[in-house]
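**Student:** give me the fold of what follows.
(6 chains)
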Protein chains: 6
Amino acid sequence: MRPSGRHLDEMRAVSIETGVMRHAEGSCLIKVGNTHVLCTASVEERTPPFLKNTGLGWVTAEYGMLPRATNTRNRREAAQGKQGGRTVEIQRLIGRSLRAGIDRSALGERQITVDCDVIQADGGTRCASITGGWVALRLAINTLMKTGAIKSDPMIGHVAAVSCGIYAGQPVLDLDYDEDSVAGVDGNFVMLDDGRLIEVQMSGETTVFGRSELGTMLDLAEKGMAGLVAAQKAAL
Amino acid sequence: MRPSGRHLDEMRAVSIETGVMRHAEGSCLIKVGNTHVLCTASVEERTPPFLKNTGLGWVTAEYGMLPRATNTRNRREAAQGKQGGRTVEIQRLIGRSLRAGIDRSALGERQITVDCDVIQADGGTRCASITGGWVALRLAINTLMKTGAIKSDPMIGHVAAVSCGIYAGQPVLDLDYDEDSVAGVDGNFVMLDDGRLIEVQMSGETTVFGRSELGTMLDLAEKGMAGLVAAQKAAL
Amino acid sequence: MRPSGRHLDEMRAVSIETGVMRHAEGSCLIKVGNTHVLCTASVEERTPPFLKNTGLGWVTAEYGMLPRATNTRNRREAAQGKQGGRTVEIQRLIGRSLRAGIDRSALGERQITVDCDVIQADGGTRCASITGGWVALRLAINTLMKTGAIKSDPMIGHVAAVSCGIYAGQPVLDLDYDEDSVAGVDGNFVMLDDGRLIEVQMSGETTVFGRSELGTMLDLAEKGMAGLVAAQKAAL
Amino acid sequence: MRPSGRHLDEMRAVSIETGVMRHAEGSCLIKVGNTHVLCTASVEERTPPFLKNTGLGWVTAEYGMLPRATNTRNRREAAQGKQGGRTVEIQRLIGRSLRAGIDRSALGERQITVDCDVIQADGGTRCASITGGWVALRLAINTLMKTGAIKSDPMIGHVAAVSCGIYAGQPVLDLDYDEDSVAGVDGNFVMLDDGRLIEVQMSGETTVFGRSELGTMLDLAEKGMAGLVAAQKAAL
Amino acid sequence: MRPSGRHLDEMRAVSIETGVMRHAEGSCLIKVGNTHVLCTASVEERTPPFLKNTGLGWVTAEYGMLPRATNTRNRREAAQGKQGGRTVEIQRLIGRSLRAGIDRSALGERQITVDCDVIQADGGTRCASITGGWVALRLAINTLMKTGAIKSDPMIGHVAAVSCGIYAGQPVLDLDYDEDSVAGVDGNFVMLDDGRLIEVQMSGETTVFGRSELGTMLDLAEKGMAGLVAAQKAAL
Amino acid sequence: MRPSGRHLDEMRAVSIETGVMRHAEGSCLIKVGNTHVLCTASVEERTPPFLKNTGLGWVTAEYGMLPRATNTRNRREAAQGKQGGRTVEIQRLIGRSLRAGIDRSALGERQITVDCDVIQADGGTRCASITGGWVALRLAINTLMKTGAIKSDPMIGHVAAVSCGIYAGQPVLDLDYDEDSVAGVDGNFVMLDDGRLIEVQMSGETTVFGRSELGTMLDLAEKGMAGLVAAQKAAL
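**Tutor:** Got it, this is the predicted structure:
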């Protein structure tokens, strides 16, 4: 029934290749089917002004998409002179999600910026960004721990994200573009590897949904989550 | 336990005054406790370019906050030369929520812009904007139906929104600023009056949450929803 | 002869309600007929850089208009990414006018920002902003005097403003939108309550005017001024 | 008493050289003492959209200042990414003033843009811009009349402008920078050569003024006006 | 003598992988040592307005760099709200260079946009962009020729570019970052495969250079050019 | 053969008038035929942050063009809200060129900004800006040496620039607009008076060129250079 022939609860193939960027403290290229996102983590030994002398660190994220990541070319945001609303929304979500997996006092007064640049898009770019961004962050923090800059591991657990939605009347896991563009309901679940939730975003712009459907999608998300955490572990 | 002395499942007083703006096709001032939002709906007999000749209408929203709506003055976004990420995120949410309650083909090729301007803020401005914005939209559509511009009612049901969160370890309904600023988890439920969900946004930046807590918050949201719909009906 | 049936020298009804904003050090809602402006004064214990260590304070103003304050919706300036020329011109006028009524050395090294947000517009918004803005400023300074932050009253007198113009060939007081949009000549007089002038702005884009007409308009302005000062006193 | 040794009612030397720009339909370099402004008028055979099919023409103005026109270098507005509030205010004044001297229906559906670029500044740049801008406009219209594009002269009379202010307690004519920077009151009178007023802008940011002082300044302005019109006539 | 141990006239290893982007009409990933640039060509069946009805096509280019392509993270241009001067300069060069290799009348009234996004930077990104961008363009034009949209090949020859400079007093070919950052003179030669020149940009900000050195660098460029054209041919 | 009747190797008349700006530390008006550029040098006793405590000074340049410098009016960059790509490219070239003629350590920790404002344009504005900008810089440095702020002359030699191109198949010197707008190849040579090269920019967007043509253009540039240096010497 799904355009890709996948089962309702079947994720696309996930692969994460680390160390792809020569300069970054942590980096990976995550592929979730045809969605490819390059994630880098950059460490700076200073925090934003509002955290000065608090002993707390900061993790933030930026998101971008190459103009021809999609089927028709999008205008380059740098040329347009501003980031679109969708970009702003996504990078705020990535930042919040990654911060939720960090003990900011163990991180200490430094900032890590996670850049997620979509090389190719086929649905689910924000989830892939969170899942891959966490790997880049993990690698950067490993580096800081090896040099002794950080004493105890500030990472609380694996953070990953997966999309669910209602496609052709059925709850499905991990929508690709063909599904996403017509799904009545879709959204994202960001979770820790122990199953606790960090963020739930479910939106039914063209079809509304009931509590039981939300429950089914949560079940799907938990299933998808297991695969994503496994892929993260395999990569590290 | 709550700073305001409210019960865990108790909303603040809600009042909606209609017809407060002389020029707008629909308008109201919604007060949810000390959060006051002025909502207007403006009708234009044209759609955005991407809907030309589709027979479909559009509902969009813009959100703003007066500089001194809050305890310390915020810089005016017009003076800063751009809308902040939070503003963009909120107005996209309001727009999606109101569109979910509309049959856009019954609306016909016209656009209704709902402006939500926060006069005074005490937590929950986006929920108040959706709840009040729906009333302004309802009034504007009533006008279009009276003049015969629209034949059959395009509104599917009442749309309203309420926030829930985990404050001091307990799920609570309708957070005010004192709660919101320290809540480990908070989010918003946008619903139709028949209980179906339009949007769920739950975020745990400093504390993560489990499925059962999500369930409790959904129960609270359903309770709050009943009161909001009653206030909308009373106002019309 | 006037669309509203008013006499040539008759102002619209003026009302000023104070304390309308919970957070601001001073606030009022001024209504001049159907023109409604929300004015707030916000105190900051720092001055702009150019006044550092001069012992002088600063009063500045910002002006905005809700998108649907007028008959057809205006684009939101924050969304356009800049304040229009008219907005800039008006807020500079409000700032200069209020500063003229202040002894900046008695104010001390602090800044008060007066925000004037037009909720509903029917002509004369800049004059209502000055008149109401002065009340908000007065209240904020009263607060500073009560706490002892300011020792002697820095306010020189009441500052208020009124528009005059030539409508249908006759000098008239306090133009509403119906008059303003067709007046050959119009302008604004900002005055102190002792009759001295702070600012005269008279512009004849479509009809020029003579010195005697300027004199007549000054007479009208003095008359209007008396009523505005009375309304300010009644409100305080 | 004046820093320049001039009498209270004495203008600086005024010279206007025409035809200084090879490409423009009309141009002049006006010098009022050490204030030098290059004015050009550019004709386009189309109007702004709001005048389409009205038979009316448009005159508009833009104002700029070279970065080193003043004693210390100002940042280039193009590099800052926006025109400052002062620039916007001045170019709106120039545009209104020149339009007041034109019968826009005799001009026909075309637009003339008058650019006033300050090469060197020593006070009174907006007045020099209006006086010189009118000469550029006159020359451009002469050209249009010679080619037969315009049948009857749309220019109602000479438009010129002069500043007055209260310096060291005395009303004075044509303030230079040394006076302007300390004057308690200053402003501009834009007039037709028959003595009628187009715009009066008088501002007393640090000192207020009375009606009799306004009268004295009007007398001074009329005197200055005669000299400016003579200089315009000499140049043409 | 060179940090990399290369000979003075030795280029870094060059590889070009085509078809790396699923959606683009033409794409390649070019690697010149550690400089990696992703190039895509996007076809649109419309030209810029200034070419309407001329029968001529257009080729344009945009250039970007991922924030962590370099050793320290650069601010994202989209977040800064504008493209920097260097970016603008580079993308104009790429566009001019590629247009020089095209018969725009054989291309017909369509536009091809070549996006060059630097994934990793180690000097010479603009030259790699031109060399790789030409391959993407070639592939996109091949597609247009296969579908019959273009009848005769509009490409005049291979376009490629190589940098030369004076490092430690010696003319060298293909500078990497270690050389580029200290070179007294450096620049770029854009050429056709028949040896004719399209663009010469040689700049000596810290050391000037003589005609004979320019000649030596031209010799080096011709040598490098041969290798680049061979790599292009191998990739196609 | 040339539209102006000049020989292939003949420059336009060059004149440089110094001291034309009352406020600037150095200034001149350079005329190369009908191309007129006003150049000023402004000294600031501080460097950009990246040079703090290095002992090195900085020379930078900004370029602008009056809206009606050209045959049809260009939009004012300040009004458009950004500098165009061509402007950015030119001002970076001017800055690099002038820095190449300076010993920045002899200049000491100060910044000189050279503003080049094109009053009238007829081709070759960037070359005229460099040639005239050098004179303004020379005068500003003379002032600094007279006051003793600078001990030893930081200027290495005369810097000037000239354009060459291939017009109607022939290499020509100093293209005017009529030639420039149709030339197949054109570019600029920036040189020191001893014949060494600072920058070579040669671009063949519509026609490519060979090494021998580059050689001929270098010969022409050397010839033109002699005249420009003579004009600079005459002016000082």
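**Student:** for the helix or strand encompassing residue A:160, name the packing helices and strands.
**Tutor:** Per DSSP states H and E: residue A:160 is located in strand A:159-167. Under the contact definition 3 or more C-beta pairs under 8 Å, 6 or more residues apart in numbering or on different chains; DSSP states H and E, strand A:159-167 sits against helix A:85-100, helix A:125-146, strand A:170-173, helix A:177-180, strand A:185-192, strand A:197-203, helix A:211-235. Any C-beta I mention is one placed from the backbone N, CA and C, and that applies to glycine too.
**Student:** distance to residue D:173, mean pLDDT and mean neighbour count for the ones you listed - can I get that in TSV?
**Tutor:** Listed next are the helices and strands packed on strand A:159-167 as TSV, based on distance: least, C-beta to C-beta, whole Å; pLDDT from 0 to 100; neighbours: other C-beta atoms under 10 Å in any protein chain shown:
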stretch	distance to residue D:173	mean pLDDT	mean neighbour count
helix A:85-100	55	95	22
helix A:125-146	67	98	25
strand A:170-173	81	96	20
helix A:177-180	72	95	18
strand A:185-192	71	95	25
strand A:197-203	68	96	24
helix A:211-235	78	96	19
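**Student:** hang on, the earlier thing: strand partners (parallel or antiparallel) of the strand holding residue A:160?
**Tutor:** Partners of strand A:159-167 in the sheet, by DSSP bridges, are strand A:170-173 (antiparallel), strand A:185-192 (antiparallel).
**Student:** dump it to PDB, restricted to CA.
**Tutor:** Below are the C-alpha coordinates for strand A:159-167, written out as PDB (Å, rounded to 0.1, in the frame of the first residue of the first chain):
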ATOM      1  CA  VAL A 159      18.500  11.200  21.400                       C
ATOM      2  CA  ALA A 160      16.800  10.300  18.100                       C
ATOM      3  CA  ALA A 161      13.700  11.200  16.200                       C
ATOM      4  CA  VAL A 162      11.300   9.600  13.900                       C
ATOM      5  CA  SER A 163       8.300  10.700  11.900                       C
ATOM      6  CA  CYS A 164       4.900   9.100  12.000                       C
ATOM      7  CA  GLY A 165       1.700  10.000  10.100                       C
ATOM      8  CA  ILE A 166      -1.600   8.900   8.800                       C
ATOM      9  CA  TYR A 167      -1.200   8.000   5.100                       C
END
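**Student:** and it, average pLDDT?
**Tutor:** Taken as a whole, strand A:159-167 has a mean pLDDT of 97.
**Student:** find the closest residue to chain D in chain A.
**Tutor:** In chain A, the residue found nearest to chain D is residue A:81; the distance is 9.3 Å by C-beta to the nearest C-beta.
**Student:** quick one, what contacts that residue?
**Tutor:** Shown here is residue A:81, whose contacts under the criterion C-beta atoms under 8 Å, 6 or more residues apart in numbering or on different chains are E:81, E:82, F:82.
**Student:** which helix or strand contains the second one?
**Tutor:** Secondary-structure element containing residue E:82, defined by DSSP H and E: none, the residue being outside all helices and strands.
**Student:** for it, give its distance to chain A.
**Tutor:** Distance of residue E:82 to chain A, computed by C-beta to the nearest C-beta, to the nearest Å: 6 Å.
**Student:** what's the burial count for that residue?
**Tutor:** Other residues near residue E:82 number 18, with proximity taken as other C-beta atoms under 10 Å in any protein chain shown.
**Student:** span of stretch A:155-173 from start to end?
**Tutor:** Looking at stretch A:155-173, the gap from its leading to its trailing residue is 27 Å under the measure C-alpha to C-alpha, to the nearest Å.
**Student:** measure the closest residue in space to residue A:34 that isn't next to it in sequence to residue A:178 for me?
**Tutor:** Leaving out its chain neighbours, the residue that sits closest to residue A:34 by C-beta to C-beta, 6 or more residues apart in numbering or on different chains is residue A:122, at 3.7 Å. Noted for residue A:122: a distance of 8 Å to residue A:178, by C-beta to C-beta, to the nearest Å.
**Student:** how about the residues of chain A near chain C?
**Tutor:** The interface of chain A toward chain C, taken as C-beta under 8 Å from any C-beta of the partner chain, is made up of residue A:82.
**Student:** list the contacts of residue A:218.
**Tutor:** The contact partners of residue A:218, taken as C-beta under 8 Å, 6+ apart, are A:189, B:211, B:214.
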